[in-house]
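Colleague: Predicted model follows, preceded by the sequence.
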Amino acid sequence: MSNPWDDWDHVLKVDPDKELLGDETFEDVCRTGTDAIEIGGTLDITAEKMNRVVDAAAEYDVPLYQEPSNPGVVVDSPALDGYLIPTVFNAGGPFWITGAHKEWVRIDDLDWDRTHTEAYIVMNPDAAVAQLTDADCDLAADDVEALSLIHIS
């Protein structure tokens, strides 16, 4: 079975809580040559902010995937090609490994045929996601390699 990302070389992530730089537009973002755009962030994310980015990018021919930080910000848009649910392998507790995902399953109208998990190994202890998930960012290279192999096994 093949996945859309099997042939991707580049994915551009857009945080809906951040503004584009200078005079950049979503047309500029979508025409960078990226294989897909992932829309998601960690802090201050709302469904309204998600919808704003989805709507702004929808008219361009680039696959759009939402990476919702919590079930409350999931948007239902025909412009979305799917959903990528983050799993933080080095989270400080089980919630960001499986606990949050249990809550995703409870969303009745989420299209599970277009929903996939996405593995994260957070390495920047100053990142919002590291703080939110209490990630262990003090990992040796062989730890990162071992965690990365879990996802592809």
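Modeller: Good, I have the coordinates. None of these values were measured; they are calculated from a predicted model. Residues are numbered from 1 along each chain as shown.
Colleague: Excluding residues flanking it in the chain, which one is nearest the most centrally placed residue in the chain?
Modeller: Nearest to the mean C-alpha position of the chain, counting by CA atoms, centre = their mean, stands E67 at 3.1 Å. Leaving aside its sequence neighbours, E67 sits nearest to G40 (CB to CB, 6 or more residues apart in numbering; 2.9 Å). Where C-beta positions appear, they are placed from N, C-alpha and C, glycine not excepted.
Colleague: For that neighbour, give me its contacts.
Modeller: Residues near G40 by CB atoms under 8 Å, 6 or more residues apart in numbering: 13-16, 66-69, 84, 86.
Colleague: for it, phi and psi?
Modeller: Main-chain dihedrals, G40, degrees, to the nearest 10: phi -180, psi 160.
Colleague: could you measure it against D143, distance?
Modeller: From G40 across to D143, the span is 25 Å (CB to CB, to the nearest Å).
Colleague: Any buried residues in the helix or strand of the chain with the lowest mean pLDDT, and which?
Modeller: Counting by mean pLDDT, DSSP states H and E, the chain has its least confident helix or strand at helix 99-105, which shows a mean of 80. Residues of helix 99-105 classed as buried by neighbour count (16 or more other CB atoms under 10 Å): 100, 104.
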